[in-house]
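S.K.: Structure, please.
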Amino acid sequence: MSVEPDITIRDTSLTPDEIHKIRSIAKESVKNSPTFNFDGKESSLKLISIDAVKNNIRVDLKFVSENIGYGNRSDALLLTGPVTHHVRMYLNSESFDVLSRHTDYKKSNEGLWH
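M.R.: Predicted coordinates for the structure are as follows:
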């Protein structure tokens with residue numbers, strides 16, 4: 001089973017089937033997000049990394065949207081992009097349920113995402 005060539009997998013205990021499942025769940029979650037759903041480019045959605053963190057799985061992805069902003073902006077004045085968005089999500093390490101998903105959060109000096 002092939003994995004995207006530019007992905008970093010830091011949890012070597014994951015099987016190829018688990019990596020495939022995580023990749024599918026993560027990408028589907030992003031595709032269903034309001035920002036991606038509004039103007040995200042399907043071909044730009046890339047998985048960056050998978051990592052085990054405190055009994056969860058952290059997944060980082062990126063995608064490009066055609067306009068600046070977040071969510072459904074159909075009633076807003078649009079400023080054209082393209083804009084690259086970075087997504088960090090956490091999945092349950094046993095069920096692979098999405099626990100949280102954050103778009104364009106930055107890492108602070110304390111190591112926290114805000």
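S.K.: before we move on, what SS does the residue of the chain most remote from its centre have?
M.R.: Largest separation from the mean C-alpha position in the chain: Leu77, at 26.2 Å (C-alpha atoms, centre = their mean). At Leu77 the chain is in coil, as set by DSSP: H, G, I helix; E, B strand; the rest coil.
S.K.: what about the protein, any weak spots by pLDDT?
M.R.: 1-6, 11, 106-114 (pLDDT under 70).
S.K.: How is Thr47 classified with respect to secondary structure?
M.R.: Actually, residue 47 is Leu. It isn't Thr. Under three-state DSSP, Leu47 falls in the strand class.
S.K.: That one: how many residues sit nearby?
M.R.: 23 (other C-beta atoms under 10 Å). Just so you know, the C-beta spots here come from the backbone N, C-alpha and C atoms, and that holds for glycine as well.
S.K.: residues contacting it?
M.R.: Shown in contact with Leu47 (C-beta atoms under 8 Å, 6 or more residues apart in numbering): 4, 7, 23, 26-27, 59-61.
S.K.: one step back: torsion angles phi and psi at the residue farthest from the centre of the chain?
M.R.: phi -70, psi 120 (degrees, to the nearest 10).
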